[in-house]
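Colleague: This is a predicted model, with the sequence first.
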There are 2 protein chains.
Amino acid sequence: MASTGASGTTTVRYGTMKDNVLSLKVVLPNGELMTTARRARKTSAGYDLTRLIVGAEGTLGVITELTLKLHGIPEAMSAAVCRFPSVDEACRAAITAIQSGIPIARVELLDEMQVRVSNAYSKLNLPEQPMLFLEFHGSETGVAEQATRFGEIATEFGSGGFEWTRAPEDRTRLWQARHDMFWAITSYRAGAKVVVTDVCVPISRLAECVNAAKQEIERAGLIAPIVGHVGDGNFHASLMVMMDDLDEIARAKAFIERLAELAIALDGTCTGEHGIGEGKKHFLVPEFGEAAVGVMRTLKRSFDPDDIMNPGKVI
Amino acid sequence: MASTGASGTTTVRYGTMKDNVLSLKVVLPNGELMTTARRARKTSAGYDLTRLIVGAEGTLGVITELTLKLHGIPEAMSAAVCRFPSVDEACRAAITAIQSGIPIARVELLDEMQVRVSNAYSKLNLPEQPMLFLEFHGSETGVAEQATRFGEIATEFGSGGFEWTRAPEDRTRLWQARHDMFWAITSYRAGAKVVVTDVCVPISRLAECVNAAKQEIERAGLIAPIVGHVGDGNFHASLMVMMDDLDEIARAKAFIERLAELAIALDGTCTGEHGIGEGKKHFLVPEFGEAAVGVMRTLKRSFDPDDIMNPGKVI
């Protein structure tokens, strides 16, 4: 199976993980077992219970089985890495490529700090500049053409060092570094706890939001590399926090708040992938308004009147 | 904007229409105006109210505004048409192409009867055999390669006459015939009323389901061309019914029932696009089971306790 959004990677070609869930078996609060859909890829029968349960964070029922869409392993893949003078140019290059119809399979934005962290852990020698990691899927000629066309776009946006490859060992090394980012981050600052937060904004506002986040991080004296799923407008900031430093904890909390507020102000969401949990409950009303949150409350009560499913979370 | 599933066309590349709805404004039964989401392409904040409302057929609220994802017009398009010895081979060719990763933008299956109907209305000279209409989107070389590779697959499955073209006038003629199918069907049998029904099954069962439908149509002495969205496993049968012939009406009704039962037996759904309305309400329990339908009833009651939103429909 080709990767989907499972690891949070942007997948213009395959959609988000949600889009790849066909049906669920769910234990309801009353103990009944519900199947949300059959195996058809499309249905207009009844209410979409699959999508209601996905992302409900266990507050409406317990998922015990999933049926997923599978994607064939592509005939060929190519990978590319390129550096940009700024986050803004990296985002604009990715947006231009997506809008021009290049079916990017994966695209990840790394800020300078994340490049430094990954260099240290994954033994890479990438220049400490904003970077895009990309992957293209298709036929042999298709992936070559997609990479070459992306290279032309990247050059327009000031990318100095566009390299692409079809060699499996090079692709593996690149994406291994991506998959190891969590470990790279957790081992970078000795003694620190990593607190990851995410937001998602319209892709036209992504550069603005990432730049504002970087300024806030610097202003607050925090260490927090950024990885962005450029195709979705979603990005993560990984705060490395010393848990014995109460002032740093306070600054980290304030940053998380400000970032969520900013994302909402940019017509985005306080979380693209991580969910609401307990920490972001107070953003639901600013993000959705009273009417929608009222409906969510009603939904929760009607599913789970005794509040036994993951109580205290989301709503 | 490139076509999505709006007209019901299969879009492997762009997803179904539902996948392209980012957010909705909805008037709730209590008169409140709810916004279901912001403009971010991805969110994990709260319950997915957008997907709950899409497909609810107006029973939970009235949609007053939609925000949709747009797709760029591709640099190049190619179209292809090819005939097959049987529906089975046409389906298997389409499935093989999809599984091998060819990013088909549109693919439509026409049975012999639909070819005859479209020939008559759209002044085409297609042989009266099962046909696939296809469209590919991408770069100039990409669409050429996709069409050529599809042609190779089609030949493996016995297609005798694969033709593809990048000429806009040929593409327009082909897809104009597709868009005119409804008019072609309504004008084919003088005095008849057209009653269209649809089902959707796992694509691996599509040929089986279409063949069974064709046999039922013939056995019952009905006239009903079939158009299938092969990429989704979804197809439509357009029954041309003389409304003064009570026996024919009864046979048409019985066919619609049997087709829905068959689709459910094949792990599919009683409707892929048309919805439940009043006519298919009794299939919800066979399709979803009592637990899921119980949840749908609870949802309807919690949204609309006075049953003022499209009462009597869906649930």
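Modeller: In hand now; what should we look at?

Colleague: Please identify the buried residues of the longest helix anywhere in chain A?
Modeller: In chain A, taking DSSP state H as the definition, the longest helix is helix A:246-265. By neighbour count, with 16 or more other C-beta atoms under 10 Å in any protein chain shown as the criterion, the buried positions of helix A:246-265 are A:E248, A:I249, A:R251, A:A252, A:F255, A:I256, A:E257, A:L259, A:A260, A:L262, A:A263, A:I264. Where C-beta positions appear, they are placed from N, C-alpha and C, glycine not excepted.

Colleague: do stretch A:19-33 as well
Modeller: A:D19, A:N20, A:V21, A:L22, A:S23, A:L24, A:K25, A:V26, A:L28, A:P29.

Colleague: can you check stretch A:61-79 too?
Modeller: When burial is assessed from 16+ other C-beta under 10 Å, stretch A:61-79 yields the following buried residues: A:G61, A:I63, A:L66, A:T67, A:H71, A:P74, A:M77, A:S78, A:A79.

Colleague: swap in stretch A:176-195?
Modeller: The neighbour-count criterion (16+ other C-beta under 10 Å) identifies A:A177, A:R178, A:M181, A:F182, A:A184, A:I185, A:Y188, A:A192, A:V194, A:V195 as the buried residues of stretch A:176-195.

Colleague: Kindly report the same for stretch A:292-312.
Modeller: A:292-296, A:298-300, A:302-304, A:309-310.

Colleague: Looking at those, which is nearest chain B?
Modeller: Within the buried residues of stretch A:292-312, distances to chain B taken as C-beta to the nearest C-beta reach their minimum at A:S302, with 3.8 Å.

Colleague: my guess is that closest one meets B:K300, correct?
Modeller: No. Because the distance of 9.8 Å does not satisfy C-beta atoms under 8 Å, A:S302 is recorded as not touching B:K300.

Colleague: excluding its backbone neighbours, what's nearest A:C91?
Modeller: Leaving aside its chain neighbours, A:C91 sits nearest to A:A207 (3.9 Å; criterion: C-beta to C-beta, 6 or more residues apart in numbering or on different chains).

Colleague: wouldn't that neighbour be in contact with A:A93 here?
Modeller: No. Applying C-beta under 8 Å as the test, A:A207 and A:A93 come out as separate, 10.5 Å apart.

Colleague: In what element of secondary structure is A:H236 found?
Modeller: Using DSSP states H and E, the element containing A:H236 is strand A:234-241.

Colleague: Would you mind listing the residues in contact with A:A93?
Modeller: Under the criterion of C-beta atoms under 8 Å, 6 or more residues apart in numbering or on different chains, the contact partners of A:A93 comprise A:C82, A:F84, A:L132, A:F150, A:I153, A:A154, A:E156, A:F157, A:S159.

Colleague: Neighbour count says what about the residues you listed? Which are buried?
Modeller: Burial of the contacts of A:A93 was assessed by neighbour count (16+ other C-beta under 10 Å); the buried members are A:C82, A:F84, A:L132, A:F150, A:I153, A:A154, A:F157, A:S159.

Colleague: Could you tell me how far the helix or strand harbouring the third one lies from the centre of the chain?
Modeller: Under the criterion of DSSP H and E, A:L132 resides in strand A:131-138. Using C-alpha atoms, centre = their mean, to the nearest Å, we find the averaged C-alpha position of strand A:131-138 to lie 15 Å away from the chain's own average C-alpha position.

Colleague: Please list all residues in contact with A:K280.
Modeller: Residues in contact with A:K280 (C-beta under 8 Å, 6+ apart) are A:A260, A:C270, A:T271, B:A45.

Colleague: Can you lay out those as a markdown table showing pLDDT, distance to A:R106 and secondary structure?
Modeller: Output for the contacts of A:K280, formatted as a markdown table (pLDDT from 0 to 100; distance: C-beta to C-beta, whole Å; DSSP: H, G, I helix; E, B strand; the rest coil):
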| residue | pLDDT | distance to A:R106 | secondary structure |
| --- | --- | --- | --- |
| A:A260 | 98 | 26 | helix |
| A:C270 | 98 | 25 | coil |
| A:T271 | 98 | 21 | coil |
| B:A45 | 97 | 24 | coil |
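
Colleague: Dump those residues into JSON lines; add distance to A:G277 as well.
Modeller: Compiled in JSON lines, the contacts of A:K280 are given as follows (distance: C-beta to C-beta, whole Å):
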{"residue": "A:A260", "distance to A:G277": "12"}
{"residue": "A:C270", "distance to A:G277": "11"}
{"residue": "A:T271", "distance to A:G277": "9"}
{"residue": "B:A45", "distance to A:G277": "11"}
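
Colleague: and A:G294, that one's in a strand?
Modeller: No. The assignment for A:G294 (DSSP: H, G, I helix; E, B strand; the rest coil) gives helix, which keeps it out of a strand.

Colleague: quick one: the nearest residue to it once chain neighbours are set aside and B:G61, what's the gap?
Modeller: Sequence neighbours aside, B:E32 is the residue nearest to A:G294 in space, at 7.4 Å (criterion: C-beta to C-beta, 6+ apart). Computed with C-beta to C-beta, to the nearest Å, the distance linking B:E32 and B:G61 is 9 Å.

Colleague: re earlier: among the buried residues of stretch A:61-79, which are located in strands?
Modeller: A:I63, A:L66, A:T67, A:M77, A:S78, A:A79 (DSSP state E).

Colleague: Enumerate the residues of the stretch 101-250 of chain A near chain B.
Modeller: Contacts of the stretch 101-250 of chain A with chain B, taken as C-beta under 8 Å from any C-beta of the partner chain, map to A:101, A:103, A:137-139, A:141-142, A:145, A:149, A:200-203, A:229, A:231-234.

Colleague: Let's see that with 6 Å instead.
Modeller: For the stretch 101-250 of chain A, the residues found near chain B under the criterion C-beta under 6 Å from any C-beta of the partner chain are A:G101, A:P103, A:T141, A:G142, A:E145, A:C200, A:V201, A:P202, A:D232, A:G233, A:N234.

Colleague: what's the neighbour count on the first one?
Modeller: Pointing back at A:G101 there. Here the neighbour count serves as a burial measure; for A:G101 (other C-beta atoms under 10 Å in any protein chain shown) it reads 20.
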